[in-house]
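After the sequence you'll find the predicted model.
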Amino acid sequence: MVGPARPQFVLFGSSIVQFSFDSGGWGATLAYLYGRQADIVLRGYGGWNSRRGLEIAEQVFSKDAAVQPSLVIVYFGGNDSVDPHPSGLGPHVPLNEFVENMRKIATHLMSLSEKTRLIFLTPPPFNEEQYRRVQEFLGNNNRVSGRSNEACRVYSEACVKLCQEMGIKVIDLWTEIQKKNDWQTTCFIDGVHFSSEGSKIVAKEILKVLRDANWEPSLYLTSLPSEFGEDSPYDPVNIDGNTTINQSKRWAKTSFFSELSNQN
């Protein structure tokens, strides 16, 4: 633990989480905006499904840990929703089992601390045409994804229903992404994983949940104290030549944060 202690936000899931720390990714955006307020911790593993997430949940989130996360953002479902393979191998998880796995993951996370908050992300849409074109470009003309946008819808709706039953905050990415008129050409890099434009939507939706949640204490950006946020004579000198410019809230002047703040 690098001190002083401050809130810990853990991103838990599959490649949608792992790749979120790439340039322009939604995890990277959260890490930048919360750079003086909270630690954003990555626990995302490419190719994983809800079965593997459930298997390791108690290892990643130990009840005996000295510090429990203030927030866990959970994403599984895209890999679960792929078609089953005849061999029985592969990431497919039947819908009913997926729901129960997510219920058990949520139950474990809620048992960590009375102050541990959850946000679940549903599977986003799948851009079948873009996936096909990318595979053709890579020379994988015969590669079959086993994915469909319809399956993503079904698993997304099941995740939303579970979260409503359990009182968990949920972001319906399947619906939110498709609200953007040009989502098929702007939101993904390969039909599955987010581009910076798609990640921007995810980050905004997460921040809106954090802004609007009636959690005590609030985990929204402007509600958390800024670490070492006091004025300092070593900060850049203001135009008046007599004062300095406090650098602890530079995010407040970013176009991304201004755009979010102007939303209803």
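On my side now, so go ahead.

Low-confidence regions, the stretch 151-264 of the chain specifically.
Counting by pLDDT under 70, the stretch 151-264 of the chain contains low-confidence residues at 249-258, 260-264.

now the helices for it?
173-178, 183-186, 196-212, 255-261 (DSSP state H, counting those that start in this stretch).

which stretches of the stretch 1-150 of the chain aren't confidently modelled?
1-4, 141-145.

just the helices in it please.
According to DSSP H, counting those that start in this stretch, the helices that the stretch 1-150 of the chain contains are 15-18, 26-33, 50-60, 95-110, 128-137, 149-166.

Any buried residues in the shortest one, and which?
Meaning helix 15-18. Residues of helix 15-18 classed as buried by neighbour count (16 or more other C-beta atoms under 10 Å): 15-18. All C-beta atoms are positioned from the backbone trio N, CA, C, and that covers glycine.

any chance of those residues in CSV, with distance to Gln135 too?
As requested, those are exported to CSV (distance: C-beta to C-beta, whole Å):
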residue, distance to Gln135
Ser15, 16
Ile16, 19
Val17, 23
Gln18, 21
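
Out of those residues, flag the one nearest to Leu118.
Val17 (14.2 Å; C-beta to C-beta).

who touches the closest one in this structure?
11, 27, 42-45, 73, 75 (C-beta atoms under 8 Å, 6 or more residues apart in numbering).

One more pass at 10 Å, please.
10-11, 25-27, 42-46, 48, 73-76, 121 (C-beta atoms under 10 Å, 6 or more residues apart in numbering).

before we move on, what about Val41?
8-12, 27, 31, 60, 69, 72 are the contacts of Val41 under C-beta under 10 Å, 6+ apart.

Report the contact partners of the closest residue to Leu118 other than its chain neighbours.
Distances taken as C-beta to C-beta, 6 or more residues apart in numbering put Ile168 closest to Leu118, at 5.1 Å, once the chain neighbours are dropped. The contact partners of Ile168, by C-beta under 10 Å, 6+ apart, come to 74, 102-103, 106, 109-110, 117-120, 159-160, 162.
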